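Novice: Give the three-dimensional model of this entry:
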Amino acid sequence: MEPTTQVLFGWLMFGGTHTLLSHPPIRDRLVARLGDWGFVVLYSLVALATFVPLVWSFFENRVATPIPLPVLVTIPGISWLTVLLMFVALNLMLLGFTSRNPVSTLTGPASGDPGSGAVGALRITRHPAFMGVALAGLSHLLVNPAAIDRAFFGGMALYSVLGCAHQDWRRRRAGGPELAAFFAETSFLPFVAIARGRNRLVLGELRPIVLAAAGVAFLLLFFSHHKLFA
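Specialist: Below you'll find the model as predicted:
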């Protein structure tokens, strides 16, 4: 199988199994049989079994298949836009993965009850972790010219956005006035609810230790990127 096709097939397997396992009828049956932690273990093992070959295919073949496509990096400012998007992406990912989220499969309550409503990063987007991954993929699409790079980072962005849409569908299916209010005050895309006046950014709710960790991770990646991923 051609390397770029391998990467596309890898995203199809990874995204497809994730969606299948989190689909409510299937998830409910698995939880009933395996228990909550059993489901988490199964979910994680399937993710590992599909994601590792995907990443291996990408890094094993990316240098060997330099099929040039239009390169946006020649436009002035694009490289700095990429850096800015990655900074925002890392912050969203760390804030999202370290916070409870009522629309998340693993960190949200089974009932979908939003509890205290949108706080912290949820004011920016109700999918901070997934949208952070999508922004990371988008930022790399701006400066990577090879077809296999476009397949990998494009797949990353597409998988993340579709994953957000699937989470929204599952939680809206749960229904309830509190959940409806949570959706009304939050946005799918980052900063849209804030821009439209449905919410506001409260910097004090963003945990300093997480922001500091994101800053350190960003600096480490920025100065070592060319050695790690060249």
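Novice: care to break this structure down by domain?
Specialist: 1-65, 67-228 (automatic domain parsing).
Novice: looking at those, which has the lowest confidence?
Specialist: Confidence, taken as mean pLDDT, is least for domain 67-228 of these (a mean of 84).
Novice: just checking, what packs against the one helix or strand residue 135 maps to?
Specialist: In this assignment (DSSP states H and E), residue 135 forms part of helix 128-141. Here helix 128-141 is seen to pack against helix 78-97, helix 147-174 when contacts are counted using 3 or more Cβ pairs under 8 Å, 6 or more residues apart in numbering; DSSP states H and E. Where you see a C-beta, it was placed from the backbone N, CA and C, and this is true even at glycine.
Novice: can you list those in CSV and add distance to residue 28 and mean neighbour count?
Specialist: Putting those into CSV (distance: least, Cβ to Cβ, whole Å; neighbours: other Cβ atoms under 10 Å) gives the following:
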stretch, distance to residue 28, mean neighbour count
helix 78-97, 25, 19
helix 147-174, 11, 19
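Novice: Compare those and give me the one nearest residue 129.
Specialist: Minimum separation from residue 129 across the helices and strands packed on helix 128-141 (Cβ to Cβ) falls at helix 78-97, 2.8 Å.
Novice: who touches the closest one?
Specialist: Outside helix 78-97, the residues within contact range by Cβ atoms under 8 Å, 6 or more residues apart in numbering are 72-73, 120-121, 124-125, 127-136, 138-140, 142-143, 190, 206-207, 210-211, 213-214, 217-218, 221-222.
Novice: List buried members of the residues you listed by neighbour count.
Specialist: 120-121, 124-125, 127-136, 138-140, 142-143, 190, 206, 210, 213-214, 218 (16 or more other Cβ atoms under 10 Å).
Novice: For the chain, just list every one of the helices.
Specialist: 3-22, 24-61, 78-97, 128-141, 147-174, 177-185, 192-195, 208-228 (DSSP state H).
Novice: TSV please, covering the ones you listed and showing distance to residue 202.
Specialist: Formatted as TSV, the helices of the chain follow (distance: least, Cβ to Cβ, whole Å):
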stretch	distance to residue 202
helix 3-22	30
helix 24-61	31
helix 78-97	13
helix 128-141	14
helix 147-174	22
helix 177-185	13
helix 192-195	10
helix 208-228	13
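Novice: Which one of the ones you listed lies nearest to residue 103?
Specialist: Checked against Cβ to Cβ, the stretch from the helices of the chain lying closest is helix 147-174, at 4.6 Å.
Novice: relative to helix 3-22, how tilted is the closest one?
Specialist: 10 degrees (axes from the mean of the first three to the mean of the last three Cα atoms, to 10 degrees).
Novice: Numbering from 55 from now on, please.
Specialist: Sounds good: first residue 55 from here, last item helix 201-228.
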